[in-house]
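Engineer: Mind folding the following:
(one chain, ligands or ions: 1)
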Amino acid sequence: MEVIQIEGGYPVTGEVTVEGAKNSALKLMAATIMAPGTTTLTNVPNISDVHVMGKVLKRLGATIKVRDTHTLVIDTSNVDKWETPYELVAQMRASTAVLGPLLARFGKAIVAMPGGCNIGARKIDMHILGLEALGVKFEIDHGNIHASAPDGIKGAMVTLEFASVGATENLMMASVFAKGTTTIDNAAREPEIVDLANMLNEMGASIKGAGSPIIEVEGVKELHPVEHAVVGDRIEAGTFLAMAGLTKDPITVRGFEPQHLGLVLRKYEEMGMKVERGSRCCTVSRMGSLRPVDIQTLPYPGFPTDMQAQTMCVLALAEGTCIITENIFENRFMFASELNRMGADIKIEGHHAIVHGVKTLQGAQVKSPDLRGGAALVMAGLVAEGTTTVSAIHHIDRGYERFVDKLQSLGAHVVRKTIEADDEDFL
Ligand code: UD1
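Structural biologist: Reported below is the predicted structural model:
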């Protein structure tokens, strides 16, 4: 088993470049199903979630060539299947993103029901309700969702109960070839939604309003393949910038749009960090002690749930008490109990975390509960006294490319290593 081991207390400073956004790349890959032919995606992160989506597409009949690590050449001409099995959906819930594209291309799809995952139930009832409004019929059978549009997909008005990212994406894709106009009301506004709409429009779709709460999709006859660059990963960027709050020295991150981290950077300023926003880059440095700041996660442009753990890690060392409220996912505080094992003082009450700042953290053996929680534990190790060993790092590999290499380039004393079976039981 592999672990990440960190020696705390060394300066972490310098420049790092982020990859393309995981949460965009996965959906763009799914969207290639709708444009038979060869689409080239550049700036794709080389992470395990992308590999799983590659397996999903191959299972459907696509071929994928990898060029220069970050370019995927996806040929969807021969896609002739419309079923995504449980073994793949169970590995990555985002594989449900093929539902909309398969319905658009074939008028039918079979997708295994996503089960629970580490950060909560992650239901898809809103996807189903929205697609039903477009004329899609659903049957649940032996754990699979059978979707079909016997009379074709028809444009309609869909009002989402919550600005769900996944539901907005599936509806936007399913309605690309619909008869008439589809309006998605209370749509998610994440930059990854805008990236997906941009690529679909480059392919010939007619989508207006992406990035606002009302998206309008005018049905078109067909899409053609394109070359498209994935938007920079705001969450990877935010993770490295948060480290500046811990280690006091400036960190510059390149390859993303600072406005995509609007509220995160504002909160960092409130915490006492200096933020210098540039063109596709940002520098953060800590000025003196850290002030406690309350945070609540909300759909974009609110504070992203994907930055909650990393920010809690910084606030665990602030001078005073603050409250972090998680509104998007249940079970997303699991890493807090690991952080407490390192000396943090965090109490969980329902979906609130009460964070009492402490002066120092101590290195310990801890286990990644999920992707962002795992990254936050590595961050904690950078400032903890002594050695921290983080296990279950497959979670981190899902979303961070060469995380350890990038930390080393910033001066961190961190290694990835394989441990013996006996130690494995211990961890
Ligand atoms: C979520 C995040 C997104 C992040 C992604 C990866 C939000 C709003 N979304 O997107 O920013 O990039 O995780 O970590 O922050 N829900 C239902 N029924 C549905 C769909 C969703 O109840 O049909 C619930 C979910 O269980 C969850 C919330 O709505 O509590 C947010 O869901 P959604 O935005 O769809 O999740 P993701 O697309 O995974």
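Engineer: for the stretch 51-200 of the chain, which spans come out with low pLDDT?
Structural biologist: Per-residue confidence for the stretch 51-200 of the chain (pLDDT under 70) gives these ranges: 115-122.
Engineer: Please repeat the previous calculation with a cut-off of 90.
Structural biologist: Residue ranges of the stretch 51-200 of the chain with pLDDT under 90: 85-95, 112-124, 140-143, 150.
Engineer: residue ranges of the helices in it, please?
Structural biologist: Counting by DSSP state H, counting those that start in this stretch, residue ranges of the helices within the stretch 51-200 of the chain are 86-91, 99-106, 125-133, 165-174, 191-202.
Engineer: Show me what the first one packs onto, helices and strands only.
Structural biologist: In this structure, helix 86-91 makes packing contacts with helix 48-60, strand 108-112, judged by 3 or more C-beta pairs under 8 Å, 6 or more residues apart in numbering; DSSP states H and E. The C-beta positions use only the backbone N, C-alpha and C, and glycine is treated the same way.
Engineer: ok, and what's touching the first one?
Structural biologist: Helix 48-60 is touched from outside by 22, 25-26, 29-30, 32-33, 44, 64, 72, 74, 76, 79-85, 88, 91-92, 94-95, 97-98, 102, 394, 397-399, with contacts defined as C-beta atoms under 8 Å, 6 or more residues apart in numbering.
Engineer: Could you rerun that using 7 Å?
Structural biologist: 22, 25-26, 29-30, 33, 44, 64, 74, 79, 81, 84, 88, 91-92, 94-95, 98, 397-399 (C-beta atoms under 7 Å, 6 or more residues apart in numbering).
Engineer: And stretch 97-117, by the same measure?
Structural biologist: Outside stretch 97-117, the residues that reach it (C-beta under 7 Å, 6+ apart) are 26-27, 30-31, 33-34, 56, 82-86, 89-90, 93, 96, 122, 124, 127, 131, 136, 140, 143-149, 152-153, 166, 169-171, 173-174, 176-177.
Engineer: Any chance of JSON lines for the helices and strands packed on helix 86-91, columns distance to residue 227 and mean neighbour count?
Structural biologist: Listed next are the helices and strands packed on helix 86-91 as JSON lines, based on distance: least, C-beta to C-beta, whole Å; neighbours: other C-beta atoms under 10 Å:
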{"stretch": "helix 48-60", "distance to residue 227": "17", "mean neighbour count": "20"}
{"stretch": "strand 108-112", "distance to residue 227": "26", "mean neighbour count": "21"}
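Engineer: Show me the one of the helices of the stretch 51-200 of the chain that comes nearest residue 350.
Structural biologist: Proximity to residue 350 (C-beta to C-beta) singles out helix 125-133 among these, at 22.3 Å.
Engineer: Just want the angle from the closest one to helix 99-106.
Structural biologist: Angular relation of helix 125-133 and helix 99-106 on a 0 to 180 degree scale: 20 degrees, by axes from the mean of the first three to the mean of the last three C-alpha atoms, to 10 degrees.
Engineer: What lies in contact with helix 125-133?
Structural biologist: 99, 103, 138, 147, 156, 158, 160-162, 164, 166-167, 170-171, 174.
Engineer: is any part of it close to the ligand?
Structural biologist: Yes - Helix 125-133 is in contact with the ligand by C-beta under 6 Å from any ligand atom, via 125-127.
Engineer: Which ones, among the contacts of helix 125-133, also lie beside the ligand?
Structural biologist: Applying C-beta under 6 Å from any ligand atom to the contacts of helix 125-133, those adjacent to the ligand are 162, 164, 166-167.
Engineer: Give me the buried entries from the residues you listed.
Structural biologist: 164, 166-167 (16 or more other C-beta atoms under 10 Å).
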